[in-house]
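In: below are the sequence and a predicted model for it; my questions follow.
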Amino acid sequence: MVEPGAPAIRTRGLRKTYRSFTLRQVVAVEGLDLEVPVGGVHAFLGPNGAGKTTTIRMLLGLVRPDAGTIQVLGHDLPGGLEAAVTRVGAVVEQPKFFPTFSGRRNLALLARGAGVDERRVDEVLEHVGLSERARDRFRTYSLGMKQRLAVAATLLKDPELVIFDEPTNGLDPAGIHDVRATMRSLAEQGRTVLVSSHVLAEVEQVADTVSIVVRGRLVADGRVADLVGSRATSSVRVGVAEPGPAADALVACGWTVVRDGEHLLVDGPGDASEVARALAAARIYPRELVPVRADLEQVFLELTGGPREGHPREAGARGARPGPAVGAGVDA
Ligand SMILES: Nc1ncnc2c1ncn2[C@@H]1O[C@H](COP(=O)(O)OP(=O)(O)OP(=O)(O)O)[C@@H](O)[C@H]1O
């Protein structure tokens, strides 16, 4: 057991540098303080190259840090590595399964090797929703099923902490959905799940808490709901019969307005009632006025330095499809 109140993972001042091919020093992780609470799904987010995989490899004792401390389930690494890893399951890369053996037979072999009762094999297959296909050959599985078999393999030893590194890479929407559901159900059983990703939309729906890293440093952490509520600005979606005059009235208030057909997306007002007042003053009465909650992606873009150029989905207020800009300080 982790001592009450202690996190499942705690790192302090973690640092790792590599030498590149040209002997240039690459700082992968720089003074990282990561804290993952016990229970629930914790998303470890960052753009490509932010140092997520390196951190996970340090947590699993696969890479040696240059500096800093690591505690996993209350065990100090590297001394407590053995005690820690027996309580941790990790899905870090495509595991090697025998292609011509069934999923069940592959797991039975792993169970035997790990000294785990073979009855557990059927439990874990059931858990990841593979019971019906358990006797089919591994090579006939879809990518999502292969990924679920990998999760099942890590569950054989009944780990308290399950770590996924980019688990949805290469999966189709159905596969992504399945992996997400598996993570959620692991958390509901009281386990701690750490999942790294650079695809925010995929983890936002499943994560309770989050740490965001950029260039090896922590830039934000906390509950997803708190982070979204505190960091990103919200906007208001307005439906009006005559968007033109309405946009003029709203822009005159100093707000940013993006037009999307008969809707306007307004950034800047404190809440929807300010928009209603401004429109009423111009004798315009909207048929729809909806606050648009900011999402984790918006927070992420704010923290990681903004959108990639020329990518409309990331280039402005969420909720507005790119539309003609109609106001000063327009965001399209
Ligand atoms: N073995 C290595 N040798 C040299 N540089 C490395 C090595 N492994 C990682 N790096 C570099 O360290 C930095 C962090 O890489 P890392 O794979 O940890 O990031 P990441 O956040 O997992 O990225 P991604 O989302 O693309 O998987 C990158 O600049 C990467 O090129």
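Out: Ah, there it is.
In: and this protein, which residues reach the ligand?
Out: Within the chain, the residues that sit near the ligand (CB under 6 Å from any ligand atom) are 18, 20, 26, 28, 46, 48-54, 198. Bear in mind the C-beta positions are built from the backbone N, C-alpha and C, glycine included.
In: now these: which count as buried?
Out: Neighbour-count burial (16 or more other CB atoms under 10 Å) applied to the residues of the chain next to the ligand gives Ala28, Gly46, Ala50, Gly51, Lys52, Thr53, Thr54, His198.
In: report the two of those separated the most.
Out: Ala28 and His198 (14.9 Å; CB to CB).
In: and the residue of the chain positioned farthest from its centre, how far is that from the ligand?
Out: Largest separation from the mean C-alpha position in the chain: Arg283, at 44.4 Å (CA atoms, centre = their mean). In this view, Arg283 and the ligand are 52 Å apart by CB to the nearest ligand atom, to the nearest Å.
In: what about that residue, which SS state?
Out: Classification of Arg283 by DSSP: H, G, I helix; E, B strand; the rest coil places it in coil.
In: same question for Arg112.
Out: Applying three-state DSSP: Arg112 is helix.
In: look at the nearest residue to it once chain neighbours are set aside and say how many residues are nearby.
Out: Using CB to CB, 6 or more residues apart in numbering and skipping the chain neighbours, the partner closest in space to Arg112 is Glu118 (7.1 Å). Residues near Glu118, counting by other CB atoms under 10 Å, number 13.
In: for Glu118, grab phi and psi.
Out: Taking degrees, to the nearest 10, you get phi -60, psi -20 for the backbone angles of Glu118.
In: if I look at it, how far off is Gly89?
Out: Distance of Glu118 to Gly89, given as CB to CB, to the nearest Å: 18 Å.
In: list the contacts of stretch 38-50.
Out: Stretch 38-50 is contacted from outside by 2, 6-8, 34, 36, 52, 55-56, 183-184, 186-187, 190-198, 200, 203-204, 206-216, 224, 296, 300, 304, using CB atoms under 8 Å, 6 or more residues apart in numbering.
In: what's the answer for stretch 82-93, then?
Out: The contact list for stretch 82-93 (CB under 8 Å, 6+ apart) reads 53, 56-57, 60-61, 72-73, 75, 77, 147, 150-151, 154-155, 157, 159-165, 167.
In: how far off centre is it?
Out: The chain centroid and the centroid of stretch 82-93 are separated by 20 Å, computed with CA atoms, centre = their mean, to the nearest Å.
In: for Ser235, name its beta-bridge partners.
Out: Asp267, Val292 (DSSP bridges).
In: strands of the stretch 201-332 of the chain, start to end?
Out: Under the criterion DSSP state E, counting those that start in this stretch, the stretch 201-332 of the chain contains strands at 209-214, 217-223, 235-239, 256-260, 263-267, 288-292.
In: what's the end-to-end length of stretch 125-143?
Out: Length of stretch 125-143, first residue to last, CA to CA, to the nearest Å: 16 Å.
In: any idea which residue of the stretch 101-250 of the chain lies closest to the ligand?
Out: Going by CB to the nearest ligand atom, the ligand is nearest to His198 of the stretch 101-250 of the chain, at 4.7 Å.
In: who's in contact with that residue?
Out: Leu45, Gly46, Pro47, Asn48, Ala50, Lys52, Glu166.
In: again, but for Arg191
Out: Arg191 makes contacts with Gly39, Pro159, Glu160, Leu161, Val162, as judged by CB under 8 Å, 6+ apart.
In: quick one: which helix or strand includes the last one?
Out: Counting by DSSP states H and E, the element that carries Val162 is strand 161-165.
In: and Phe97, by the same measure?
Out: Applying DSSP H and E, one finds Phe97 in no helix or strand.
In: and the gap between it and Ala181?
Out: 22 Å.
In: who's more crowded, the two?
Out: Taking neighbours as other CB under 10 Å, Phe97 and Ala181 compare with Phe97 leading, 21 against 14.
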